[in-house]
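Engineer: With the sequence up front, the predicted model follows.
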Amino acid sequence: MIRLHILPSLLVAVFCAPQVAYGKTVVTTYVVETQEKRHSTRWTLTEWLRIKERIRLMDLWLALVSDPKKEKFAPELSLGYKSLSGEMKLSSDINSTPTLFESQSAQSGRIQFWFTNLISSTTGLKTPNVDLGFDYGAHRGSDPAVGEDQYDTGAQVLTLSKRSYSYTTVNFRIFGKNIQDTSLVLKYGQYQTSKGFDDSLGELDENVSGLVAGAESYFYMLKWLGLEGNYLKFGNDKGPAGSEEVSGELFDYGIFIEVYNLRVGYGEYEEEWEWQTPSYDLKYERRGQAVSVKLNF
């Protein structure tokens, strides 16, 4: 009798075991899938910050390379003046000991014109945020002081004189929507400079012209306060900027305050030129302070 009762129980266990196992699998799968779904859709502070930063970077990139509202032609004009003061050093490959000339002053002026939104306004095409402009700059030094108008290179004695140069460049503003915005400007063009000394051997022309390339940048920290920097590289007309015979560099940087269209700035500047002749190589260095005023229209 006991064996007859055990047999039905064994049959039930054999036939029900797969169903129980299947049920456990279904439950386990449901729990796992539900947890994965809830985990993927769960709001967390770290995930929100990550997505926010990603969206911010995407918006920043789109703002830099395009502007769907930038359609109206808006030409811009900038007039600038700068007063420079500092010291000058002269040295040569023969007389390597620098000669220092103090209390040197100079003035410079600039005119910039921008064809802002020229292509998008005339064609209606959505173009990258790049604007075309032109730049003219002129620099004029002061006459040497009495007793500071000569320099001995070791090969000959030079008579120093007032030195001036000017340049004209084509500019491309690749960041920034207007002339009073954080921006980066690339430039390329030509320049002409006087020697600033009398070369009695006639190994250099009175005026030298060549190619110039550079960049300038403006960075607004506040609506009315910012930083600015400008770099130019000069060369001769026989090769690219920085080539042999004549080469030069100009670098200035500073801080500015802006009220409406008036910008007043203060900073430092460094200027260096090298003149190479068959008899001697002359190095000309200037550095000091600069006060600038600019009007933007």
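Structural biologist: Arrived safely. Numbers count the residues shown, from 1 in each chain.
Engineer: Residue 101 versus residue 53, what's the distance?
Structural biologist: Per C-beta to C-beta, to the nearest Å, residue 53 is found 54 Å from residue 101. Quick note: C-beta positions are derived from backbone N, CA and C, even for glycine.
Engineer: between these two, which one's more packed in?
Structural biologist: With neighbours defined as other C-beta atoms under 10 Å, residue 53 and residue 101 compare such that residue 101 has more, 18 against 10.
Engineer: The more buried one and residue 143, how far apart?
Structural biologist: Remark: distance between residue 101 and residue 143 (C-beta to C-beta) = 12 Å.
Engineer: Extract the residue ranges of the stretch 151-297 of the chain that are flagged as low pLDDT.
Structural biologist: 155, 199-206, 237-244 (pLDDT under 70).
Engineer: does residue 51 belong to a helix or a strand, and which?
Structural biologist: helix 45-65 (DSSP states H and E).
Engineer: If you could redo that for residue 192, that was the one I meant.
Structural biologist: Here residue 192, judged by DSSP H and E, is contained in strand 183-194.
Engineer: For that strand, what is the distance to the chain centroid?
Structural biologist: Its chain's C-alpha centre lies 14 Å from the corresponding centre of strand 183-194 when counted by C-alpha atoms, centre = their mean, to the nearest Å.
Engineer: List the strands paired with that strand, with their directions.
Structural biologist: strand 164-175 (antiparallel), strand 207-220 (antiparallel) (DSSP bridges).
Engineer: can you redo those as a markdown table with distance to residue 270 and mean neighbour count?
Structural biologist: Listed next are the strands paired with strand 183-194 as a markdown table, based on distance: least, C-beta to C-beta, whole Å; neighbours: other C-beta atoms under 10 Å:
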| stretch | distance to residue 270 | mean neighbour count |
| --- | --- | --- |
| strand 164-175 | 15 | 19 |
| strand 207-220 | 14 | 18 |
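Engineer: ok so, going back, which parts of the strand holding residue 192 are buried?
Structural biologist: By neighbour count on 16 or more other C-beta atoms under 10 Å, the buried set for strand 183-194 is 183, 185, 187, 189, 191, 193-194.
Engineer: now those residues in a markdown table, with distance to residue 72?
Structural biologist: Converted to a markdown table, the buried residues of strand 183-194 look like this (distance: C-beta to C-beta, whole Å):
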| residue | distance to residue 72 |
| --- | --- |
| 183 | 18 |
| 185 | 21 |
| 187 | 25 |
| 189 | 28 |
| 191 | 34 |
| 193 | 39 |
| 194 | 43 |
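Engineer: In this protein, what residue spans correspond to helices?
Structural biologist: Ranges of helices in the chain, per DSSP state H, are 2-41, 45-65, 118-123.
Engineer: mean pLDDT lowest for which of those helices?
Structural biologist: Among the helices of the chain, helix 2-41 carries the lowest mean pLDDT, at a mean of 58.
Engineer: Can I get stretch 252-272 as CSV, trimmed to CA atoms?
Structural biologist: The C-alpha coordinates for stretch 252-272 follow below in CSV (Å, rounded to 0.1, in the frame of the first residue of the first chain):
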residue,chain,number,x,y,z
ASP,A,252,52.0,93.1,-27.6
TYR,A,253,49.5,92.1,-24.9
GLY,A,254,47.4,93.8,-22.3
ILE,A,255,44.1,94.5,-20.6
PHE,A,256,41.3,96.8,-21.7
ILE,A,257,38.2,98.5,-20.3
GLU,A,258,35.3,99.1,-22.7
VAL,A,259,32.5,101.6,-22.4
TYR,A,260,30.0,101.6,-25.3
ASN,A,261,32.2,101.9,-28.4
LEU,A,262,35.3,103.3,-26.6
ARG,A,263,38.1,100.9,-25.5
VAL,A,264,41.0,102.0,-23.4
GLY,A,265,43.9,99.6,-22.8
TYR,A,266,47.3,99.2,-21.1
GLY,A,267,49.9,96.6,-21.7
GLU,A,268,53.4,95.5,-22.6
TYR,A,269,55.1,95.2,-26.0
GLU,A,270,58.2,93.6,-27.5
GLU,A,271,59.7,94.3,-30.9
GLU,A,272,62.7,92.6,-32.5
